[in-house]
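S.K.: Provided below are the primary sequence and the corresponding predicted coordinates.
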Amino acid sequence: MKLSKKWLEYSWNFYSKEAHRNLGEMYVLDERFKKYYDNNQEGMAEFFRDALNIYTK
């Protein structure tokens with residue numbers, strides 16, 4: 001998760017835990033992202049979202 005945060009800090013003008021958490025929700029709710037993350041292993045989008053929720057609490 002730290003690497004994800006570091007990438008966002010590099011590529012976004014700002015970083016917030018809330019925005020990072022919402023990104024995780026998008027990975028599950030948007031079929032394009034879900035397909036990308038679940039490509040190698042079913043359930044990875046949900047796993048990543050759940051990990052982000054824990055990391056950003």
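M.R.: Structure's in. What do you need?
S.K.: residue 49: what secondary structure?
M.R.: helix (DSSP: H, G, I helix; E, B strand; the rest coil).
S.K.: how many neighbours does residue 36 have?
M.R.: By the criterion of other C-beta atoms under 10 Å, residue 36 has 13 neighbours. Any C-beta I mention is one placed from the backbone N, CA and C, and that applies to glycine too.
S.K.: helix or strand: which one has the residue nearest the centre of the chain?
M.R.: Centroid-nearest residue in the chain: residue 24, 3.3 Å away (criterion: C-alpha atoms, centre = their mean). If you go by DSSP states H and E, residue 24 is part of helix 17-29.
S.K.: what's next to that helix, contact-wise?
M.R.: 4-5, 8, 12, 33-34, 37, 45-46, 48-53, 55-57 (C-beta atoms under 8 Å, 6 or more residues apart in numbering).
S.K.: next, the angle from the helix or strand following that helix to helix 17-29.
M.R.: Remark: after helix 17-29, the chain's next helix or strand is helix 31-38, criterion DSSP H and E. Counting by axes from the mean of the first three to the mean of the last three C-alpha atoms, to 10 degrees, helix 31-38 lies at 90 degrees to helix 17-29.
S.K.: pull helix 31-38 out as CSV, backbone CA atoms only.
M.R.: What follows is helix 31-38 as a C-alpha-only set of coordinates in CSV (Å, rounded to 0.1, in the frame of the first residue of the first chain):
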residue,chain,number,x,y,z
GLU,A,31,-16.0,-3.0,-14.6
ARG,A,32,-12.9,-1.9,-16.5
PHE,A,33,-10.8,-1.7,-13.4
LYS,A,34,-12.3,-4.8,-11.9
LYS,A,35,-11.5,-6.8,-15.0
TYR,A,36,-7.9,-5.4,-15.0
TYR,A,37,-7.3,-6.4,-11.3
ASP,A,38,-9.1,-9.7,-11.5
